[in-house]
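Novice: Structure of the sequence below:
(2 chains)
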Amino acid sequence: MNPNKALHIGHARNLFIGDTLARMLRFTGHDLTVMNYIDDSGLQVADIIVGMKYAGFNEKPENDMKFDEYAGDKIYVKINELYETRKELVEKREYVLKQLEKKSEIRQYAKEITNKILKAQLETAKRLGAEYDLLVFESDIIFSDGWKEIFEKMKDENIIKLEKEGKLSGAWIIKTTFKNETDKVIIRSDGTSTYIAKDIVLAAWKIGIIDEIFNYEVFDSQNNKLLSSTLNKTDNKTKFTNNSKAITLIDARQSRLQKIIKEILNRFNENEDRTYEHLSYEIVSLSKGTAETLGIKTEDKKIIQMSGRKGMYINVDNTLNIIKNKVYEETKLRNSKENEDWIRNTAEIISVASFRYELLKNDLDKIIIFDLEDSLRLDGETGPYLLYTFARATSILEKAKDQPKIEFIEDIHRNLSLKHEIELIKNMSKIDLIIEESVINMSPMRIAKFTYNLCNLFNSFYEKSPVLREEDKDIMNARLHLVNSFRDSLEILFNLLGIEYLKRI
RNA sequence: AGGCCCGUAGCCUAGAUUGGAUUAAGGCGUCAGCUUGCGGAGCUGGAGAUCGGGAGUUCAAGUCUCUCCGGGCCUGCCA
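Specialist: Numbers count the residues shown, from 1 in each chain, chains lettered A, B, ... in the order given. This is a model prediction of the structure:
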């Protein structure tokens, strides 16, 4: 994440995929660290600092706006407009950029600001159901010794070389193997490192090609489970390097760069006992209608690509709040006797479920064209439908006088003999297989679709096979048992998808 | 120009590992129904697809190969 603006729905997709994958991996017994890479240096950070220090923007938002949103919408977007007319600010940006590359007062100041933005972003992430184990700062990579180590290694392997002539003279480069493509600059002629350089260090660190280069500390005293990288000496002896597998989740636009990184890493990983994998997913764009409601000029385009710098994006918190308003009304209508807190809490959970399912139900290689109207739907293949189904199943179990008894199911063929019952049972029995396949294929979508399908089958069962009104006690017991098992299955699946379940909605 | 990705009813999307019982599935929309029945955020049924075009491999192709067409992305001393 770039700690300079609020999370937009593109980040939300990344977050949902990553979080669901982490849940899937943990559920299947894998030991993993969920890391969030923080780009706390470079231009986008410099822009915020220039805004606050030299362009007269307040350090605090005037109203109770979240700090990440304030920094992004009120400063980052505006300062990029100001550069057009106020050239002295462009010079200031150059100055700030240089200061960020060394130990300086400005760097210290920037750290405070970016941490503040980061904390606001992590609040949003938590609201969406995602938590991280580790934050790694780009700035720590720049100042770490890891860079020198990997730099020497690459020099020895002839992966990089110092360009002596031509346009790239004075820069360290990686020769490209692609046609019509300039070589990749890894160290600029002024000695600073580029984005890919930092990514190589990070990747090498992940799978132990270089030794541990960071120390770790608790990032936020409110949450001592979340660690962050630091170059200061600390008491924490945890090491995060040397993983047998690293999965880097970045969108498809970075595929080429990731491929180069992987190729470089393979040169140092002769035994191939370590794997570095780029898990690619397509971007989220805005539908014409949604872009227009945000006041973005669409011209004759059908799909609008988001752009943080131009302010052309849709903020996660705001999106969730819009969904929540709709869900709130609907929930209130159906639960008129409940108190305000209950309704709000319920609406929040349903909204998150709705948002998560909406962004998880497509496969990773499909571009999502986000449409606000579509996301407000509560019926059909949606998160609310899943929760509704869960509530129905729960309701039956709560109203039942007796709990289902497995020992009473003597003749399952007689007691659960209807076509839709058998279909439901058959599909429920696939749960282990589906989870296993989803993990192997890194496919949260498969879990999402499976869950929906199961709910679909259950609702069909619900309609055709009355449970509590069934007169045959054996059949009733068998059906009750089926409902119970179904709800258990759903709990597992909801946990994987990051959907909280509710007894009533 | 080169590289990567996508193309399945009006729209959106599944169809994995391993080509095979699928009469190509689901959602939105549309048309017709279902409530003195465990929650109608639901269910049932209808209409709507020669799976972008073509060729090939095969007993068998939405799925594999080639080719063409359409769309997107990448190809920065930005990140």
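
Novice: what's near enough to touch the residue in the stretch 1-150 of chain A positioned nearest to RNA strand B?
Specialist: Residue of the stretch 1-150 of chain A nearest RNA strand B, by CB to the nearest atom of the strand: A:Gly42 (3.4 Å). Glycine gets a C-beta too; all of them are placed from N, C-alpha and C. Residues near A:Gly42 by CB atoms under 8 Å, 6 or more residues apart in numbering: A:Leu97, A:Leu100, A:Glu138, A:Tyr195.

Novice: Would you convert those residues into a markdown table that also reports secondary structure and neighbour count?
Specialist: Below are the contacts of A:Gly42 laid out as a markdown table (DSSP: H, G, I helix; E, B strand; the rest coil; neighbours: other CB atoms under 10 Å):
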| residue | secondary structure | neighbour count |
| --- | --- | --- |
| A:Leu97 | helix | 19 |
| A:Leu100 | helix | 22 |
| A:Glu138 | helix | 21 |
| A:Tyr195 | helix | 14 |
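
Novice: TSV for those residues, including distance to RNA strand B and pLDDT?
Specialist: Formatted as TSV, the contacts of A:Gly42 follow (distance: CB to the nearest atom of the strand, whole Å; pLDDT from 0 to 100):
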residue	distance to RNA strand B	pLDDT
A:Leu97	9	89
A:Leu100	10	88
A:Glu138	6	94
A:Tyr195	3	91
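
Novice: which other residues reach the one helix or strand A:Arg13 maps to?
Specialist: Element membership for A:Arg13, per DSSP states H and E: helix A:9-27. Helix A:9-27 has contacts (CB under 8 Å, 6+ apart) with A:1, A:7, A:32, A:34, A:125, A:128-130, A:247, A:249-251, A:279, A:281, A:283-284, A:306, A:313-314, A:316, A:319, A:355-356, A:359-360, A:364, A:368, A:370, A:435, A:438-439, A:442, A:444, A:447, A:492, A:495-498.

Novice: how close does the closest residue to A:Met312 other than its chain neighbours sit to A:Ser285?
Specialist: Distances taken as CB to CB, 6 or more residues apart in numbering put A:Ile296 closest to A:Met312, at 5.0 Å, once the chain neighbours are dropped. Using CB to CB, to the nearest Å, A:Ile296 is found at 11 Å from A:Ser285.

Novice: Quick check: neighbours shared by these two?
Specialist: Joint contacts of A:Ile296 and A:Ser285 (CB under 8 Å, 6+ apart) are A:Ile304.

Novice: quick one: the strands in chain A?
Specialist: A:35-38, A:134-137, A:160-162, A:172-174, A:184-187, A:215-220, A:223-230, A:245-251, A:275-281, A:284-287, A:303-304, A:368-370 (DSSP state E).

Novice: ok, of those, where does mean pLDDT dip lowest?
Specialist: Mean pLDDT values for these show the minimum at strand A:303-304, a mean of 88.

Novice: Neighbouring strands - and their directions - for that one?
Specialist: With DSSP bridges as the test, strand A:303-304 is paired with strand A:284-287 (antiparallel).

Novice: how about low-confidence regions in chain A?
Specialist: A:179, A:406-410 (pLDDT under 70).

Novice: Just want the residue of it that's nearest RNA strand B.
Specialist: Counting by CB to the nearest atom of the strand, chain A gets nearest to RNA strand B through A:Gly380 (2.4 Å).

Novice: contacting residues for the nearest residue to A:Asp145 once chain neighbours are set aside?
Specialist: Computed as CB to CB, 6+ apart, the closest residue to A:Asp145 that is not its neighbour in sequence is A:Ile213, at 6.1 Å. For A:Ile213, the contacting residues are A:Ile141, A:Ser144, A:Asp145, A:Gly146, A:Glu149, A:Val201, A:Trp205, A:Thr241, by CB under 8 Å, 6+ apart.

Novice: quick one on the thing from earlier: now render the strands of chain A as JSON lines, adding mean neighbour count and distance to A:Tyr76.
Specialist: As requested, the strands of chain A are exported to JSON lines (neighbours: other CB atoms under 10 Å; distance: least, CB to CB, whole Å):
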{"stretch": "strand A:35-38", "mean neighbour count": "21", "distance to A:Tyr76": "16"}
{"stretch": "strand A:134-137", "mean neighbour count": "22", "distance to A:Tyr76": "19"}
{"stretch": "strand A:160-162", "mean neighbour count": "18", "distance to A:Tyr76": "33"}
{"stretch": "strand A:172-174", "mean neighbour count": "19", "distance to A:Tyr76": "31"}
{"stretch": "strand A:184-187", "mean neighbour count": "20", "distance to A:Tyr76": "26"}
{"stretch": "strand A:215-220", "mean neighbour count": "17", "distance to A:Tyr76": "23"}
{"stretch": "strand A:223-230", "mean neighbour count": "16", "distance to A:Tyr76": "23"}
{"stretch": "strand A:245-251", "mean neighbour count": "17", "distance to A:Tyr76": "20"}
{"stretch": "strand A:275-281", "mean neighbour count": "17", "distance to A:Tyr76": "25"}
{"stretch": "strand A:284-287", "mean neighbour count": "22", "distance to A:Tyr76": "19"}
{"stretch": "strand A:303-304", "mean neighbour count": "18", "distance to A:Tyr76": "19"}
{"stretch": "strand A:368-370", "mean neighbour count": "20", "distance to A:Tyr76": "21"}
